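A.B. asks: here are the coordinates; sequence isn't available:
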């Protein structure tokens, strides 16, 4: 997509972050635009989940600055978030607790219908399967009508059918006008669904663009494809 006529939702400049004195990334610059489907990819340890949390202002960077559009509402589906398993709460109750104070229970009922939570709405949250739990977290992230939906490895641990269903749901939200910012280790997903892919490697953004542009990038070929292919001779 051409970003010339789309407002910037999040702008990151000269972002640097370290763990135990070891630089995770240095001088990262990134814009997130309204209306786009953007996926951050990277090998394990590249810092993509940390960068997402910095972009969402959940943690501060060591250096640099993140700014966001005034009044931006963000829905967030975190990675591997699980509540206290001893907490006696149903899926419906979790949604009810999360809804805006001035809204009615009709909003919760609509989300339960839209995301097909009916079959387990009355179940205790600790009994939910991985696919059910992700659908519940997605509904919870959407309860405040966000402009941007941010997801961190949302299909980790799901079977292939559940992964496919989840990505289809996200694609539908994007088609309805929601901006999507996702972290994924699933390169096939990134190339199939995203409008723009940003690849992190060795402390910086090594390449970015449309899925086709990134796949055709020699840097992507070397750092991502060859990394999984011992016999790779691409230069």
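C.D. replies: Great, that's in hand. Fair warning: this is a prediction, and the values are worked out from it, not measured in the lab.
A.B. asks: in this structure residue 92 contacts residue 119, no?
C.D. replies: No. In this structure, residue 92 is not within contact of residue 119 by C-beta atoms under 8 Å, at 11.8 Å. All C-beta spots, glycine's among them, are computed from the backbone N, C-alpha and C.
A.B. asks: okay, those two: which has more neighbours?
C.D. replies: Counting neighbours by other C-beta atoms under 10 Å for residue 92 and for residue 119 shows that residue 92 has the greater number, 21 against 10.
A.B. asks: give me the pLDDT value at residue 160.
C.D. replies: The model reports residue 160 with a pLDDT of 87.
A.B. asks: nope, residue 186 is what I was after
C.D. replies: 87.
A.B. asks: what do you get for residue 70?
C.D. replies: Residue 70 is assigned a predicted lDDT (pLDDT) of 95.
A.B. asks: three-state assignment of it?
C.D. replies: Three-state call for residue 70 (DSSP: H, G, I helix; E, B strand; the rest coil): coil.
A.B. asks: phi, psi for it please.
C.D. replies: Recorded main-chain torsions at residue 70 are phi -60, psi 130, according to degrees, to the nearest 10.
A.B. asks: for it, give its distance to residue 162.
C.D. replies: According to C-beta to C-beta, to the nearest Å, residue 70 and residue 162 sit 37 Å apart.
A.B. asks: okay, those two: which has more neighbours?
C.D. replies: Legend: neighbour count by other C-beta under 10 Å for residue 70 and residue 162, higher for residue 162 (17 against 5).
A.B. asks: that one reaches residue 138, doesn't it?
C.D. replies: No. If you go by C-beta under 8 Å, residue 162 and residue 138 don't touch, sitting 11.9 Å apart.
A.B. asks: hey, which helix is longest across this protein?
C.D. replies: helix 160-175 (DSSP state H).
A.B. asks: buried sites along that helix?
C.D. replies: 162, 163, 165, 166, 167, 169, 170, 173, 174 (16 or more other C-beta atoms under 10 Å).
A.B. asks: can you report how many residues neighbour the closest residue to residue 53 other than its chain neighbours?
C.D. replies: Spatial nearest neighbour of residue 53, excluding adjacent residues (C-beta to C-beta, 6 or more residues apart in numbering): residue 59 at 4.9 Å. Counted with other C-beta under 10 Å, the neighbours of residue 59 add up to 10.
A.B. asks: cool, and residue 56?
C.D. replies: Neighbours of residue 56 (other C-beta under 10 Å): 18.
A.B. asks: which residue is the nearest non-sequential neighbour of it?
C.D. replies: According to C-beta to C-beta, 6+ apart, the nearest residue to residue 56 is residue 150 (5.7 Å).
A.B. asks: ok, whichever strand or helix holds the one you found: who's next to it in the sheet?
C.D. replies: Using DSSP states H and E, residue 150 falls within strand 148-152. The strands beside strand 148-152 in its sheet (DSSP bridges) come out as strand 74-77 (parallel), strand 179-183 (parallel).
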